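Participant: Need the 3D shape of this:
(one chain, ligands or ions: 1)
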Amino acid sequence: MSETHARRSHAWRPERFMVVVAHPDDADFGPAATAARWIDEGSTGWLVCCTSGDAGADDWRADPIELAAVREAEQRAAADVVGYAGVGFLHQPDGALANDLALREQLVREIRTFRPDAVLTVDPETLFYGDGGVNHADHRAAGMAAVDAVYPAARNAMAFPWLARDGLEPHVVRRLYLFWSNHPSAWVDVSGTLDRKLDALRAHGSQIRHPERLEPRIREWAREEGEAIGVVAAEAFRVIVIEDDEEEGPTHDTPPETEGAAPGPA
Ligand SMILES: [Zn+2]
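Facilitator: Model prediction:
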């Protein structure tokens, strides 16, 4: 059976993008290689962690304050590897993240300050990963909070009006890139930056119990996603276009001109 690839690597790139996640390390298990690629190509990225991962230990005697400090330091080191311009921590409670108005206001403040073209976050509709695992409640809450902050709150002048009064003008985020989705619609070729994702992940020393298993697992995930577009490594997203721009070309990825290309390095 000859294999055909109906899709090609997603080509649109935001000038400014913000990644919103629940925990330190989520962004690095998530879209780190895409972030690294976009940054290499000229984008500016900003990372927001809603919690500091203060419940991320196996020992109930662990000090959550100390753990939060360790995990923030790990995430800052990982963010340096990827190349983010900075990291913000919202200091919400790990394991108890709620998509409430307080979190939405925090995220609107972040969005109106950094003013991204695209926000990358967890697909909040992912309750189960296919049939292989449950998506952490904090991940779903962070994803839904980010979606709700993007639309309509960040662009609505009358949402949290004290923000505008303090100089944080409304801002239109044009696209959402949802990762860990069961409904991917775009694949970014990350063959050139997968090693950076691995280096970023290694910075999360407190979370990696079996370092020897990390690399093969991540490479296998990337290989599986890469099959969709015939490259050795990809990251998949469900892309939601909120504001399209005709001059930037097609909204959706178009089929390649040559069909029947074999999978392999691009
Ligand atoms: Zn997490």
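
Participant: Would you mind measuring from the nearest residue in space to residue 16 that is not next to it in sequence to residue 171?
Facilitator: Spatially, and ignoring its direct neighbours in sequence, residue 16 is nearest to residue 116 (4.6 Å; Cβ to Cβ, 6 or more residues apart in numbering). Just so you know, the C-beta spots here come from the backbone N, C-alpha and C atoms, and that holds for glycine as well. Look at residue 116 and residue 171: by Cβ to Cβ, to the nearest Å, they are 8 Å apart.

Participant: Settle it for me: which of the two has more neighbours?
Facilitator: residue 116 (26 against 16; other Cβ atoms under 10 Å).

Participant: Flag every residue of the stretch 51-200 of the chain that's near the ion.
Facilitator: Nowhere does the stretch 51-200 of the chain come near the ion, counting by Cβ under 5 Å from the ion.

Participant: all helices of the stretch 51-200 of the chain, in order?
Facilitator: Residue ranges of the helices in the stretch 51-200 of the chain, as given by DSSP state H, counting those that start in this stretch, are 64-82, 101-114, 137-150, 161-165, 194-202.

Participant: Point out the most buried one among those.
Facilitator: Mean neighbours per residue, mean count of other Cβ atoms under 10 Å, is largest over the helices of the stretch 51-200 of the chain for helix 137-150, with a mean of 24.

Participant: Any idea which residue of the stretch 1-150 of the chain lies closest to the ion?
Facilitator: Nearest residue of the stretch 1-150 of the chain to the ion: residue 23, at 3.6 Å (Cβ to the ion).

Participant: Do me a favour and get the backbone dihedrals for that residue.
Facilitator: phi -120, psi 150 (degrees, to the nearest 10).

Participant: separation between it and residue 102?
Facilitator: Counting by Cβ to Cβ - residue 23 and residue 102 are separated by 18 Å.

Participant: need the contact list for the closest residue to residue 52 other than its chain neighbours.
Facilitator: Computed as Cβ to Cβ, 6+ apart, the closest residue to residue 52 that is not its neighbour in sequence is residue 68, at 3.7 Å. For residue 68, the contacting residues are 52, 53, 54, 91, 94, by Cβ atoms under 8 Å, 6 or more residues apart in numbering.

Participant: could you redo the last one with a cut-off of 7 Å?
Facilitator: Residues counted as contacts of residue 68 (Cβ atoms under 7 Å, 6 or more residues apart in numbering) are 52, 53, 54.

Participant: Correct me if wrong: the first one contacts residue 90.
Facilitator: Read it as residue 52. No: assessed by Cβ atoms under 7 Å, residue 52 is found out of contact with residue 90, at 8.7 Å.

Participant: who's more crowded, the two?
Facilitator: Neighbours per residue, other Cβ under 10 Å: of residue 52 and residue 90, the larger number sits with residue 52, 24 against 20.

Participant: Dihedrals phi and psi, the more buried one?
Facilitator: Dihedral angles for residue 52 - degrees, to the nearest 10 - are phi -110, psi 20.

Participant: before we move on, back to that, nearest residue to the residue of the stretch 1-150 of the chain closest to the ion other than its sequence neighbours?
Facilitator: That would be residue 53: by Cβ to Cβ, 6+ apart, it lies 4.5 Å from residue 23.

Participant: Residue 24 is in contact with that neighbour, correct?
Facilitator: Yes: applying Cβ under 7 Å, one finds residue 53 in contact with residue 24, separated by 4.5 Å.
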